[in-house]
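> this one's sequence-less:
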RNA sequence: GCGGAAGUGGCGGAAUUUGGUAGACGCGCUGGACUUAGGAUCCAGUGGAGCAAUCCGUGGGGGUUCGAGUCCCCCCUUUCGCACCA
């Protein structure tokens, strides 16, 4: 803070000067008294729901990144209110989950004690920032009145058959001691702890999100979201069109055995010279010949032990032969069946056909193990005998060769024709495969909502009746997870022993809790209905306020929270609870801020503490600076020195109101600039182009005060609402000082008058041979002939335009280019 | 490896919509005013070279055009996603 805390000097004695802390405290108090930030949800005529991603209330307190995000949303929301909407800008806390729990373990406190303290601290910090949040609708995911409905949501999905339990190989994080969703595993590492993830076979609850893959993908074309976010979702859903092809084989017991492979290149089947199964593939045992068994077992052991990260990143091909053969349904030749870890059990069918001529991985594998490489596609200027030095993967220019009756087919046509042929004998079928897997929601942890299920010896899996919700998370001292794969709650018999709701015999509660992402997958539905105990969300209020008009948040949630929220909304829509199936009409991803060119982190000790800055510069200057330091959707660089600029701007704004005069009439050219500024700011805010909006207002301030002129009242007043979304406290204060009634946020956005913004004379750029040689001031609507005459009259122009012009390019109102 | 985005003064960044004055705005810096003082405030200046006319400048190289930061081709660098996805 050395550089930034240098400004609170004694001020000239008599002048009324800008004192942010006094003004900010005053207006935060008045807003609360008057209920300025309150929304009348029932009576609103033009509802506008401006949502921001709610924070996880960490012990460190509010991060400047949170404030950057929230301020951007607040500006957008306040602007919507000023142009006549009824704004609803709620905020809450995402307080369940491993983050909180691990921190609690680390500091030796119980999360039930810790979280309320953290929330209180966050609340204090957020209130200082001056957000237009209606705190009456605050929600906290750890509150039983909230998670009661998270559990209800689970039951809804259970009833629809969208929640099911299965034993599956799941991602186990040995550090967090819980399973993780696929989305929480990044490059084989736990997204949170960066520990290599292991595979474990466990009974887990899943949601059938994969059933929704086509809809989740198609709807992306119709929603107004940041393109980067949509791309991330498309990649994650991972649609790929291809075919499933069956290869006949004989197992060691002498029985028939069918190996199904998924391929996007059925056209290359004549070049399939071997098959590869994933080491975990269930058919491997039956296929391995006694002579190969020892080597194969050793190989499978080795892959099992290897962590996923090395398996997925090393491209060195390894593998073993099973000793068995399959029949290629196209060539009817015998091809060997191999096992290799480059084939993954979780994708497709866990088996592939090896086409070394036209797949780089297969090429490497075949080269290493000396398997035949056959060319079945050739490009332009190639033929069937052109040697292959690497896989030929080009599709567009490809023509089939060595492919029997399909020789000469183009790749695309061959794909269809071959699948069609093979499907007649049942050997193939066209298939669309999605990478998206079902969402594993079980967590073997303590700090989450218990999954509302009871296991009964007689009745089996019994959902907890809705009237018994919430299943309250008990306060237990011993909440530490262990390596057993069993939840901490399972150690508390007094809690999990419960009567079966169906037959009344003693049963056992599900002791896993649900994923934190379930808490946040529906919170936007709850906000308008906070306080309603009998429903998760009120029907008419929901109809009035949802879907969310504008949602702003970080792109790190592109495939987690945002995808899950869409899925949950669709599922509730299908169950008749909602009338819409996409929750967020418009989504924009904000950027992230760094500090002095480096990433902010606790270890580097370069975290910006909002409290200190607000203390020294005021919340308004801090907000304005955050919005000014870079393009909102890209983020920017927080530099201590630079905050003085926006603060100076507010100082000058304040001073202008104190010194403005009502005598005479405003300056014509200043008023012109004012209207140009109104236009610019009105266009920039909806585009989230906040940095240029602030720059435009600064530019106007420079014009307003140029050469120490005394600004006129009419020149100054419209600036107050204009600046109010950015700096709400000072705007409110100046609004009051200048005789405004009520809140500036209940006034109107300044009207833009195109006639006033229009320049009557313009600077026309004069070029000779495309190079700028001068500028002439002319009437705005000057014609080409008059412009040419005026241009040639300029000495600097005449000097270069010595010959008769060959050609003249005239762009009305902008430039004239004389070609000689 | 694949895909997206980006490369502009000492620094953060404008201008890319529609090819038409490159460097808005701010920080920093320089000079000045007011001052006992200035790390406050205000005024003026600030891409580079040159006394000047002028020339050179948006990662590098080509191209299209009267005119290119903007469009096209090749290359380099940074960055963010995805990553043995069959």
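Now that the structure is in, tell me what you want to look at. Just so you know, these numbers come straight off a predicted model, no measurement behind them.
> C-alpha only now, for contacts and for neighbours.
Noted.
> Pull the contacting residues for whichever residue of the stretch 401-550 of chain A sits closest to RNA strand B.
With Cα to the nearest atom of the strand, the shortest gap between the stretch 401-550 of chain A and RNA strand B falls at residue A:435, namely 4.9 Å. Residue A:435 is in contact with A:236, A:237, A:238, A:239, A:347, counting by Cα atoms under 8 Å, 6 or more residues apart in numbering.
> Number of residues surrounding the third one?
Residue A:238: 15 surrounding residues under other Cα atoms under 10 Å.
> Phi and psi next, for it.
phi 60, psi 60 (degrees, to the nearest 10).
> Skipping adjacent residues, who's closest to it in space?
residue A:435 (4.8 Å; Cα to Cα, 6 or more residues apart in numbering).
> Same check on the last one?
Counting by Cα to Cα, 6+ apart, residue A:435 is the residue found nearest to residue A:347 once chain neighbours are left out, at 7.0 Å.
> tell me the mean pLDDT for stretch A:651-661?
Here stretch A:651-661 scores 92 as its mean pLDDT.
> now it: how far from the chain's centre is it?
42 Å (Cα atoms, centre = their mean, to the nearest Å).
> re earlier: now flag whichever of the contacts of residue A:435 is closest to residue A:279.
residue A:347 (13.0 Å; Cα to Cα).
> which residues does the closest residue to RNA strand B within chain A contact?
Closest contact between chain A and RNA strand B, by Cα to the nearest atom of the strand, is at residue A:263 (2.5 Å). Counting by Cα under 8 Å, 6+ apart, residue A:263 makes contact with A:242, A:243, A:244, A:245, A:352, A:353.
> hang on, the earlier thing: give me phi/psi at the residue of the stretch 401-550 of chain A closest to RNA strand B?
The phi/psi pair for residue A:435 (degrees, to the nearest 10) reads phi -80, psi -30.
> swap in residue A:459?
As for residue A:459, its main-chain torsions (degrees, to the nearest 10) stand at phi -100, psi -10.
> so it makes contact with residue A:502?
Yes: using Cα atoms under 8 Å, residue A:459 makes contact with residue A:502 at a distance of 7.2 Å.
> just the strands in the stretch 351-500 of chain A please.
A:351-354, A:377-378, A:399-400, A:428-434, A:439-440, A:442-443, A:453-456, A:460-463, A:497-499 (DSSP state E, counting those that start in this stretch).
> Which stretch among those strands is buried most, on average?
Highest mean neighbour count of the strands of the stretch 351-500 of chain A: strand A:377-378, a mean of 28 (counted as mean count of other Cα atoms under 10 Å).
> The stretch 401-550 of chain A: helices as residue ranges?
Counting by DSSP state H, counting those that start in this stretch, the stretch 401-550 of chain A has these helices, from start to end: A:411-424, A:493-496, A:516-519, A:523-526, A:539-545.
> number of nearby residues for the closest residue to residue A:319 other than its chain neighbours?
Once flanking residues are discounted, residue A:319 sits nearest to residue A:340: 4.2 Å by Cα to Cα, 6+ apart. Number of residues near residue A:340 (other Cα under 10 Å) recorded here: 23.
> Verify the stated contact: residue A:340 with residue A:318.
Yes: using Cα under 8 Å, residue A:340 is in contact with residue A:318, at 6.1 Å.
> measure stretch A:432-440 end to end?
22 Å (Cα to Cα, to the nearest Å).
> Please read the previous query as pertaining to stretch A:579-589.
Stretch A:579-589 has its terminal residues 26 Å apart, counting by Cα to Cα.
> tell me the mean pLDDT over that stretch?
pLDDT averaged over stretch A:579-589 gives 94.
> touching RNA strand B at all, it?
No: using Cα under 7 Å from any atom of the strand, stretch A:579-589 stays clear of RNA strand B, with a minimum separation of 11.6 Å.
> May I see the buried residues of that stretch?
The neighbour-count check on stretch A:579-589 (16 or more other Cα atoms under 10 Å) flags A:579, A:580, A:581, A:582, A:583, A:584, A:586, A:587, A:588, A:589 as buried.
> So, low pLDDT: which residues of the stretch 51-200 of chain A?
For the stretch 51-200 of chain A, the stretches flagged by pLDDT under 70 are A:183, A:187.
> just the helices in it please.
Under DSSP H, counting those that start in this stretch, the stretch 51-200 of chain A gives helices at A:64-82, A:98-107, A:111-128, A:144-159.
> Which stretch among those is buried most, on average?
helix A:64-82 (a mean of 23).
> anything in that helix near RNA strand B?
No: applying Cα under 7 Å from any atom of the strand, one finds helix A:64-82 separated from RNA strand B by no less than 13.8 Å.
> Close to RNA strand B: what parts of the stretch 251-400 of chain A are there?
Residues of the stretch 251-400 of chain A lying near RNA strand B (Cα under 7 Å from any atom of the strand): A:262-265, A:311-317, A:341-353, A:361.
> Buried only: go through these for me.
In those, the ones that pass as buried (16+ other Cα under 10 Å) are A:262-265, A:311, A:317, A:341-345, A:348-353, A:361.
> out of these, which are inside strands?
In this view, these that belong to strands under DSSP state E are A:262, A:263, A:351, A:352, A:353.
> Make a markdown table out of these and add distance to residue A:198 and pLDDT.
What follows is those, written out as a markdown table (distance: Cα to Cα, whole Å; pLDDT from 0 to 100):
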| residue | distance to residue A:198 | pLDDT |
| --- | --- | --- |
| A:262 | 26 | 92 |
| A:263 | 28 | 92 |
| A:351 | 22 | 92 |
| A:352 | 24 | 93 |
| A:353 | 28 | 94 |
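> Could you work out the most separated pair of those residues?
The widest separation within these (Cα to Cα) is 9.5 Å, between A:263 and A:351.
> What residues does the stretch 451-600 of chain A have near RNA strand B?
Counting by Cα under 7 Å from any atom of the strand, the residues of the stretch 451-600 of chain A near RNA strand B are residue A:597.
> check contacts around residue A:723.
Residues near residue A:723 by Cα under 8 Å, 6+ apart: A:697, A:731.
> ok, now residue A:443?
A:178, A:179, A:180, A:487, A:512, A:513, A:514, A:515.
> Go ahead and confirm the third one touches residue A:169.
No: at 11.2 Å, residue A:180 does not count as touching residue A:169 under the criterion of Cα under 8 Å.
> any weak-confidence spans in chain A?
A:1-15, A:183, A:187, A:305-315.
> which SSE is residue A:778 in?
Element membership of residue A:778 [criterion: DSSP states H and E] is strand A:771-779.
> Which strands border that strand, and is each parallel or antiparallel?
If you go by DSSP bridges, strand A:771-779 pairs up with strand A:761-768 (antiparallel).
> Is the partner strand in proximity to RNA strand B?
Yes: Strand A:761-768 lies within reach of RNA strand B by Cα under 7 Å from any atom of the strand, at A:763, A:764, A:765, A:767.
> Can you list the buried residues in that strand?
Across strand A:761-768, burial judged by 16+ other Cα under 10 Å covers A:762, A:763, A:764, A:765, A:766, A:767, A:768.
> With distance to residue A:87 as added columns, please give these in TSV.
Below are these laid out as TSV (distance: Cα to Cα, whole Å):
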residue	distance to residue A:87
A:762	41
A:763	43
A:764	45
A:765	46
A:766	49
A:767	51
A:768	54
